[in-house]
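1. Structure of the sequence below:
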Amino acid sequence: MLFRSGTDQDTINSAIEFLRSHGGERWFLYLHLMDVHQYVYDEDTALFGTTYSDIYDNSIRWVDRVLGSLIRQLDGRGLRDRTLVVIAADHGEAFGEHGREGHARDVYGEVTTTPFVLSLPFRLEPGIVVEAPTENVDIWPTLLDLLGLPPLEGADGRSRLPEILAAARGE
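-> The predicted structure is shown next:
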């Protein structure tokens, strides 16, 4: 295995312990996962080769698997039907598409287009896709709006709830 102490698995293990201790209460849990940044993955379960992009893909697969263990814990503890799960990324990664590798060097789509995934089992039907671009500054305004809470004063972003609801209506 190509991981070391302090990986996302440790973060998820701590989150699972938090759920064991506090799952019956009202809670908020923020996890900042970094293994894709460090190209951490499990050699035993890697599906891809050894190129730069293959290692990145193996890291994504690793994080997906680790994150899946947390989702299974939410399901197993009966918490999923009352838990808002948000998955977002701060940047993508370039693999030579415009003559560069990595990130933080340009603003091409491979670096700036990232996932923003919401699991809202208590409010919307699953499978809604919103094609409109958004920014990470829109995350908190959107979540607060979805939860019916007042907006943050002076927030840079805006709620994307109108676009989400339009997509839910098939617009």
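
2. Tell me which other helices or strands the longest helix anywhere in the chain touches.
-> Looking across the chain with DSSP state H, the single longest helix is helix 52-76. Counting contacts by 3 or more Cβ pairs under 8 Å, 6 or more residues apart in numbering; DSSP states H and E, helix 52-76 is packed against helix 8-22, helix 35-38, strand 85-88, strand 94-95. All C-beta atoms are positioned from the backbone trio N, CA, C, and that covers glycine.

3. who does the third one pair up with?
-> If I follow you right, that is strand 85-88. Sheet pairing of strand 85-88 (DSSP bridges) gives strand 116-119 (antiparallel).

4. ok, and what's touching the very next helix or strand once past the strand it pairs with?
-> Moving toward the C-terminus from strand 116-119, the next helix or strand (DSSP states H and E) is helix 139-146. Residues outside helix 139-146 that contact it (Cβ atoms under 8 Å, 6 or more residues apart in numbering): 84, 86, 88, 116, 118, 120, 123, 134, 150-152, 155, 157-161, 164.

5. Am I right that residue 104 sits in a strand?
-> No - judged by DSSP: H, G, I helix; E, B strand; the rest coil, residue 104 forms no part of a strand; its state is coil.

6. tell me the pLDDT at residue 8?
-> Looking at residue 8, its pLDDT is 94.

7. you'd agree it is up against residue 65?
-> No - contact between residue 8 and residue 65 fails when scored by Cβ atoms under 8 Å: they sit 9.8 Å apart.

8. Show me which of those two is the more surrounded one.
-> Legend: neighbour count by other Cβ atoms under 10 Å for residue 8 and residue 65, higher for residue 8 (23 against 15).

9. contacting residues for the more buried one?
-> By Cβ under 8 Å, 6+ apart, the contact list for residue 8 reads 33-35, 40, 62-63, 66-67.

10. By neighbours, which of those wins?
-> Using other Cβ under 10 Å as the neighbour criterion, residue 62 leads the contacts of residue 8 with 25 neighbours.

11. low-scoring stretches of the chain, by residue?
-> For the chain, the stretches with pLDDT under 70 are 1-5, 123.

12. Identify the residue spatially nearest to the residue nearest the centre of it, adjacent ones excluded.
-> Geometric centre of the chain, nearest residue: residue 87, 2.0 Å, by Cα atoms, centre = their mean. Leaving aside its chain neighbours, residue 87 sits nearest to residue 117 (4.2 Å; criterion: Cβ to Cβ, 6 or more residues apart in numbering).
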